[in-house]
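1. Give the three-dimensional model of this entry:
(2 chains)
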Number of protein chains: 2
Amino acid sequence: MVSNRNGAVRVITIEGNILEQNDRFARQNRAYLQARGIYTLNLLSSPGSGKTTLLVETLNRLKNEIRCAVIEGDQQTSNDAQRIAETQVPVVQINTPQSCHLDAFHVRRALEALPLDGVELLFIENVGNLICPASFDLGEAEKVTLMSITEGEDKPLKYPLAFHLANLLVLTKIDLLPYLHFDLELCKQNAWRINPGLSIIATSVYSQTGLEEWCNYLRTRVRGR
Amino acid sequence: MVSNRNGAVRVITIEGNILEQNDRFARQNRAYLQARGIYTLNLLSSPGSGKTTLLVETLNRLKNEIRCAVIEGDQQTSNDAQRIAETQVPVVQINTPQSCHLDAFHVRRALEALPLDGVELLFIENVGNLICPASFDLGEAEKVTLMSITEGEDKPLKYPLAFHLANLLVLTKIDLLPYLHFDLELCKQNAWRINPGLSIIATSVYSQTGLEEWCNYLRTRVRGR
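-> Numbers count the residues shown, from 1 in each chain, chains lettered A, B, ... in the order given. Modelled structure (predicted):
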């Protein structure tokens, strides 16, 4: 359903303009990052899936072998950037009070502000939202979608674009499996219905599950450029 | 940060037009619903917070004393409407593949499709997204925001509008409290920083916690009109 005939036409036109403009900046970001040898991941998920918690853990494991940097997107607060900063990894916070997603111009501005000398791996933690962030190319090398198993097995079917465009699905909070009515196999089948080539890693920071597998995925990405 | 000077001006203009058009439909919806004596709640939350699970439980508890109906919003699938339909309560599913939220025109179309004779309580389950749905008045009597305690205490600060505009915060999955690093009191304090008048009910469908308190809240709303 659409708003109405006039409204719909107007919205679609503007979305087209916005996405076209976004894609131009995204291409520039991609060229800039590739020229510097920086492998960039765009992390997508619902609010509260544990992106920042996983990222802090990841940075602490990788920072002595791979030079990392982080761009944090949030509608409000700089709490997440403060958590990242404690790892001593360079971070820039972008607040998007008018927007439910990061766009490529946000990232361009963040790249200007970040010390990128020697950086090999850049994480962009998108705004917590499974819908709109999937539509905006930021210039990343790949999208990674995170999903807490507390969210239910049906999320890949209900929010297909975020799962369709990702190379990897990181399931988080797998330590809660014994306490949930969650069918892990069904969740994987749902994800593969949307994206048959999707890799899936089940993780928990609290039980330290799957973290080396995730870090090895990142090591391969950085070394395999 | 904004996209750029030209882009921002254009977006803001359009948002203004869209919201103005939306508010006109919302006023019409509100008048229509009030004239029929239908008390309407707009349920907001992240994906996977348990809106549908709570709703199914609520309908089974209330349907023999209060005539209910449901409008289901999702980006894709009619899974949720099927779960509601099993309660024998009238339901209409709206899919919003182009949009990350319900708007008042979606609801107007759904109201035309729903059998509303005698209905006293209408639930609108918005698209799972803590950001954009908060900006669109649907013509409801009140917004209720749900938040799973697995999402973390900081969500009211990071997504303030959804918490600022709600009368009630329903915390879900409270049965998981022993297994999480979640400070319930801090979460409440964060919510009250954004909205000092916010009521809060902690619930779990699995442990059957807080459900009578929630149903009594609804009974009071319907009978107190």
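2. quick one: residue A:17 and chain B, what's the gap?
-> Residue A:17 sits 7 Å away from chain B when distances are taken as Cβ to the nearest Cβ, to the nearest Å. In short, each C-beta sits where N, CA and C put it, glycine included.
3. helix or strand for that residue, which one?
-> For residue A:17, the host element (DSSP states H and E) is helix A:5-35.
4. which residues of chain A fall in strands?
-> Listed in chain order, the strands of chain A (DSSP state E) span A:39-44, A:68-74, A:91-95, A:121-125, A:142-148, A:166-172, A:199-202.
5. And the average pLDDT for the fifth one is what?
-> Same thing as strand A:142-148. Average pLDDT, strand A:142-148: 98.
6. Spatially central residue for chain A, please.
-> The centre of chain A sits closest to residue A:43, judged by Cα atoms, centre = their mean, with a distance of 0.8 Å.
7. Nearest spatial neighbour of residue A:53, chain-adjacent residues omitted?
-> Leaving aside its sequence neighbours, residue A:53 sits nearest to residue A:205 (Cβ to Cβ, 6 or more residues apart in numbering or on different chains; 5.2 Å).
8. What about the one you found, how many residues nearby?
-> If you count neighbours by other Cβ atoms under 10 Å in any protein chain shown, residue A:205 ends up with 20.
9. next one: the one 3 residues further on
-> Using other Cβ under 10 Å as the criterion, residue A:208 is surrounded by 11 other residues.
10. so what's it scoring on pLDDT?
-> Looking at residue A:208, the pLDDT reads 98.
11. I'd like to know how far it sits from residue A:175.
-> Residue A:208 sits at a distance of 9 Å from residue A:175 (criterion: Cβ to Cβ, to the nearest Å).
12. what does residue A:147 give?
-> Residue A:147 sits 15 Å away from residue A:175, going by Cβ to Cβ.
13. neighbour count winner among these two?
-> More crowded of residue A:147 and residue A:175, by other Cβ under 10 Å: residue A:147, with 30 against 18.
14. residues touching that one, list them.
-> With contact taken as Cβ atoms under 8 Å, 6 or more residues apart in numbering or on different chains, residue A:147 is in contact with A:45, A:46, A:49, A:155, A:156, A:169, A:170, A:171, A:172, A:187.
15. Then residue A:168?
-> A:142, A:144, A:145, A:198, A:199, A:200, A:201, A:217.
16. Now restrict those residues to buried residues only.
-> When the contacts of residue A:168 are checked for burial by 16 or more other Cβ atoms under 10 Å in any protein chain shown, the buried set is A:144, A:145, A:198, A:200, A:201, A:217.
17. Could you check the pLDDT of the last one?
-> Read it as residue A:217. Note for residue A:217: predicted pLDDT of 98.
18. right, and it touches residue A:200 too?
-> No - using Cβ atoms under 8 Å, residue A:217 is not in contact with residue A:200; the gap is 10.9 Å.
19. For residue A:154, which residues are in contact?
-> By Cβ under 8 Å, 6+ apart, residue A:154 lies in contact with A:190, B:77, B:79.
20. I'd guessed the last one sits against residue A:157; true?
-> This points to residue B:79. Yes - between residue B:79 and residue A:157 there is a contact under Cβ under 8 Å: 7.1 Å.
21. just how off-centre is stretch A:110-119 within its chain?
-> Chain-centre distance of stretch A:110-119: 18 Å, with Cα atoms, centre = their mean, to the nearest Å.
22. Any residue of that stretch touching chain B?
-> No - Stretch A:110-119 lies apart from chain B when judged by Cβ under 8 Å from any Cβ of the partner chain; the minimum separation is 8.5 Å.
23. buried stuff in that stretch?
-> Going by 16+ other Cβ under 10 Å, stretch A:110-119 has these buried residues: A:110, A:111, A:114, A:116, A:119.
24. Just the mean pLDDT for that stretch, thanks.
-> For stretch A:110-119, mean pLDDT is 96.
25. Out of the strands of chain A, flag the one nearest residue B:134.
-> strand A:68-74 (15.3 Å; Cβ to Cβ).
26. Against which helices or strands is the closest one packed?
-> Here strand A:68-74 touches helix A:51-62, helix A:79-85, strand A:91-95, helix A:104-113, strand A:121-125, going by 3 or more Cβ pairs under 8 Å, 6 or more residues apart in numbering or on different chains; DSSP states H and E.
27. For chain A, give me the ranges with low pLDDT.
-> A:1-16, A:225 (pLDDT under 70).
28. what's the spacing between the closest residue to residue A:131 other than its chain neighbours and residue B:172?
-> Nearest residue to residue A:131 in three dimensions, chain neighbours excluded: residue B:100, at 3.9 Å (Cβ to Cβ, 6+ apart). For residue B:100, the distance to residue B:172 (Cβ to Cβ) stands at 21 Å.
29. These two: who's more crowded?
-> Neighbour totals were compared for residue B:100 and residue B:172, and residue B:172 leads with 28 against 23 (other Cβ under 10 Å).
30. Hmm, residue B:57 and the more buried one touching each other?
-> No - using Cβ under 8 Å as the test, residue B:172 is too far from residue B:57 to be in contact (10.7 Å).
31. shared neighbours of those two, anything?
-> Joint contacts of residue B:172 and residue B:57 (Cβ under 8 Å, 6+ apart) are residue B:205.
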